[in-house]
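> Please find the sequence and the predicted model below.
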Amino acid sequence: MGRLDNIEGIERGKALGPLTTFGMGGPADYYYRVTDVMKIPALLEACAADGLPYVLLGWGSNMVFSDKGFRGLVIHNLAKHIERDGELVVADSGTLLSQIIQFSLKSGLTGMEKLIGVPGTIGGAVRGNAGAFGLEIRHIFEKALIYDSETGVREVDADYLRFDYRHSRVKDSRELVLKVWLKLSPGDTEAGVAEVRKIIASRAGKHPTGKSAGSFFKNPSGNSVGVGLSAGLLIDQCGFKGTHRGGAFISEKHGNFLMNDGSATMADVLELSHEIQQAVQQKFSINLQREVALVGEHGYLDDAPVK
Ligand SMILES: Cc1cc2nc3c(=O)[nH]c(=O)nc-3n(C[C@H](O)[C@H](O)[C@H](O)COP(=O)(O)OP(=O)(O)OC[C@H]3O[C@@H](n4cnc5c(N)ncnc54)[C@H](O)[C@@H]3O)c2cc1C
């Protein structure tokens, strides 16, 4: 018996597939639903004492678990407290972007509407500097409360997080985002609601439906606003649209959407994604980097450069 076994609310053998938009994932040895972000440090201490790896799961829209599952603790972040503080919105890191947009428009604040339709939590969005239609998290970010086992809980600003295209320092350091302050502005909320409707319609036309984790690779041009090289176009030009490897396939609608037909394994995902990286490297001398986090049985799988 380890320390994790003694924590009330811990579940054993939880199936991870249904908790992600990719829909793949065997059982987690340990699983805990967090509704108070301040409980996360104690869970990580218990993991360290038991010598087990951990993963923080938000909405699961940018992460793919192995079909063999995870031999550690999955902490499911369902902490969703949200409030207004002047022109700031303060949200627990498990709050969905859609919930924050709805809350801010109801409280007379605008500025985040372009992110409607980006699935996921604000914690996951800060980690990857999520963005759409030219707006990225960094444009509205004021500060965050983060945690790591060496420095504990502390407040950090945008300079500390070193935001970049689909990147922040948290991606490398694995510090965890607990709470986020976003700066919005009082504005025309009716126009905001109209923009939300327009964006939802526009996204519905562009994105494939089905099990995916969104764009699988980052755009080599370092942006998502249609300027320069898009990963989807490169993959398309290498002839991968519609290509299947086992249960993993590339959408006919969007070259950068690697999908799961319901039977995909991690081996299928790795085979198809490596084949794509090799083809793009050979044809265009470009090393495509994964945007999606792949989690194997014992932790994150590295994105090794393709030779
Ligand atoms: C259909 C579809 C469309 C998408 N469109 C877009 C888009 O337009 N723009 C865009 O940027 N992205 C897009 N994505 C990707 C995804 O929505 C974003 O990456 C999102 O920010 C992930 O948030 P999440 O809560 O789902 O993170 P998860 O998938 O749960 O986690 C992703 C990674 O972040 C880590 N993480 C989660 N929460 C925290 C936290 N609080 N602190 C530290 N690390 C954390 C996890 O451990 C994991 O490594 C799309 C995905 C799908 C499926």
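On my side now, so go ahead.

> contacting residues for the nearest residue to I146 once chain neighbours are set aside?
Take I146 and drop its neighbours on the chain: the residue closest to it by Cβ to Cβ, 6 or more residues apart in numbering is E175, 4.8 Å away. Where C-beta positions appear, they are placed from N, C-alpha and C, glycine not excepted. Counting by Cβ atoms under 8 Å, 6 or more residues apart in numbering, E175 makes contact with 146-148, 169.

> near the ligand, which residues of this protein show up?
Residues of the chain lying close to the ligand (Cβ under 6 Å from any ligand atom) are 21, 55-63, 77, 93, 118-121, 123-125, 127-128, 130-132, 170, 176-177, 207, 212-214, 293.

> about what we covered before: among the contacts of E175, which one sits closest to the ligand?
Checking the contacts of E175 against the ligand with Cβ to the nearest ligand atom, the nearest one is I146 at 7.5 Å.

> How many neighbouring residues does the closest one have?
I146: 25 surrounding residues under other Cβ atoms under 10 Å.

> Assumed it was part of a strand.
Yes: for I146, which was evaluated using DSSP: H, G, I helix; E, B strand; the rest coil, the result is membership in a strand.

> rewinding a little: filter the residues of the chain next to the ligand down to just the buried residues.
Neighbour-count burial within the residues of the chain next to the ligand applies to 21, 55-63, 77, 93, 118-121, 123-125, 127-128, 130-132, 170, 176-177, 207, 212-214, 293; the criterion is 16 or more other Cβ atoms under 10 Å.

> Go through those and flag which are in strands.
Among those, the subset assigned to strands under DSSP state E consists of 55-57, 63, 77, 131-132, 176-177, 212-214, 293.

> can you put those residues in TSV and add pLDDT?
Rendered in TSV, the data for these read as follows (pLDDT from 0 to 100):
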residue	pLDDT
V55	96
L56	97
L57	98
M63	96
N77	98
G131	95
A132	94
L176	97
V177	98
S212	97
A213	97
G214	95
A293	95
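
> What count of nearby residues applies to G9?
Residue neighbour count, defined by other Cβ under 10 Å, stands at 10 for G9.

> I figured it hits Y32, correct?
Yes: G9 lies in contact with Y32 (Cβ atoms under 8 Å); the separation is 6.0 Å.

> neighbours around F103, how many?
Quick note: F103 (other Cβ under 10 Å) scores 17 neighbours.

> again, but for K198
K198 sits with 13 neighbouring residues when counted by other Cβ under 10 Å.

> same deal with A191?
So A191, with other Cβ under 10 Å, has 11 neighbours.

> show me the contacts for it.
Under the criterion of Cβ under 8 Å, 6+ apart, the contact partners of A191 comprise T110.

> Relative to the ligand, how far out is it?
The gap separating A191 from the ligand is 21 Å, by Cβ to the nearest ligand atom, to the nearest Å.

> cool, and L78?
With distances taken as Cβ to the nearest ligand atom, L78 is found 11 Å from the ligand.
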